Each structure stands twice: as structure tokens, then as C-alpha cells.
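1. got a predicted structure plus its sequence, pasted below:
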Amino acid sequence: MQIPLQISMRDIPRSEAIDSHIREKVDKLEQFYDRMTSCRVTLEMPHKHKHQGKLMNVRIDITLPQGEINVNRHANEDAYVAIRDAFDAARRQLEDYARKQRGKVKRHAEPLHGHVDRVFKEEGYGFIATEEGQEFYFSSENMVNAALELLQPGDEVQFIGDAGAEGLQAKRVSTGKHHAS
């Protein structure tokens, strides 16, 4: 980190053990993502509840090259549990940030459009033809909100195409009026 770790404690006595625990958690985050610019961790005990005891508040502010991660958890009476939960949340956010930076965000397949070319109702399968001349196999298990028995050649369908071991296959086939983008 360019700026050293800052640990603040409010309404809590300073503890070398807690400081050390926080430093270990930050080190683990840095092993995962070594381009963190700064990290500030604040522990406080702002409220005393009659039935729950004293709930620890943990705030983590991490500065990154192109963003920031902020976690604010009112977690637990146990400081170590509260710190663990807050750092788990920070790790998940940091993982999402790193995935976006690497361009590894999961993208859903664009639906394809076509029409039922042939349907074999007794056997439970059929074929869809696209305007590009491709033919996709589908079975009754691939139908969404429709029954294979009601399909007729020429019906418009929308589906997700997949290249299987046995050729092109249509998944999540739905019927109705669909407009190609």
C-alpha cells in the first residue's frame, strides 16, 4: 500500500491482539489484490442494547486505483467475529472489483431467434431454423413456458444456442412474438 494501514478504535480499549488480527486480515487482502492504495479500519462500540449487549461496529475503507470499497458492519459483541465478518464482506467486494478490472464479468448469452422447422411430438424433440440457415436441435426438456405438443412448424421461437457434442442445440426455448435486435 502507498499509505500505511490506519487502525482507529472508539469507545474500545486499544489491544495489540486486535491490531495484530486486523493486520493479518489486511495482509490477506493484499495477497489477493496487491494494488490497494490505502486501508482504514475503524472499530467502535456506539450503542449498548439491553438485550443484545454491546454490538461492535467495524468500518473498512479501502482505496483502489480506480475506486473505493467501503464496508460498515454492526456485527457482533465479539470483536474477532465482527472483524472477520467485515473483512469477509470487503474480500467479496474486492473480488468483484478485481474481476471487473480483468474483464472477467460473466455475460449472459444473447438469445437467438428462429422458427420451428420440424417437430416430432411423439418422440419429444424438434428442430429450429434460423435466418442464417443454421439448424438447432431441441427437446421437450428445453422448453420454457410452452409445451412441445402445442408447437407447429413455422412458430416463432427464441432460444439460447449451444454447440454440443452432437451439433447445435437450443436451450431455454420460448414461444411467442420475439423481435430480433
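-> Yep, that arrived. Just so it is clear, the structure is predicted and the values come from calculations on it, not from any experiment.

2. can you classify residue 18 by secondary structure?
-> Reducing the assignment to helix, strand or coil with DSSP: H, G, I helix; E, B strand; the rest coil, the entry for residue 18 is helix.

3. what about the closest residue to it other than its chain neighbours? Give its phi and psi, please.
-> Across the structure, with CB to CB, 6 or more residues apart in numbering as the measure, the residue nearest residue 18 apart from its sequence neighbours is residue 79 (5.7 Å). All C-beta spots, glycine's among them, are computed from the backbone N, C-alpha and C. For residue 79, the backbone dihedrals (degrees, to the nearest 10) come out as phi -60, psi -40.

4. got the contact list for residue 79?
-> For residue 79, the contacting residues are 12, 15, 18, 43, 56, taking CB atoms under 8 Å, 6 or more residues apart in numbering as the criterion.

5. and the helices in this structure?
-> Across the chain, reading from the start of the chain, the helices by DSSP state H fall at 16-32, 79-102.

6. so which of those is nearest residue 124?
-> Closest approach to residue 124 among the helices of the chain is made by helix 79-102 (39.4 Å; CB to CB).

7. give the buried residues for the closest one.
-> The neighbour-count criterion (16 or more other CB atoms under 10 Å) identifies 79, 82-87, 89-91, 93-94, 97 as the buried residues of helix 79-102.

8. repeat that for stretch 130-137.
-> Residues of stretch 130-137 classed as buried: 130, 136-137 (neighbour count, 16+ other CB under 10 Å).

9. could I get those residues as JSON lines with pLDDT?
-> Putting the buried residues of stretch 130-137 into JSON lines (pLDDT from 0 to 100) gives the following:
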{"residue": "130", "pLDDT": "94"}
{"residue": "136", "pLDDT": "95"}
{"residue": "137", "pLDDT": "94"}
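
10. and which of those is nearest residue 156?
-> Set against residue 156, the nearest of the buried residues of stretch 130-137 by CB to CB is residue 130 (11.4 Å).

11. right, and the closest one touches residue 112 too?
-> Yes - with the criterion set as CB atoms under 8 Å, residue 130 and residue 112 qualify as a contacting pair; they are 6.1 Å apart.

12. and for the two, which residues touch both?
-> Between them, residue 130 and residue 112 share the neighbouring residues residue 136, with contact defined by CB under 8 Å, 6+ apart.
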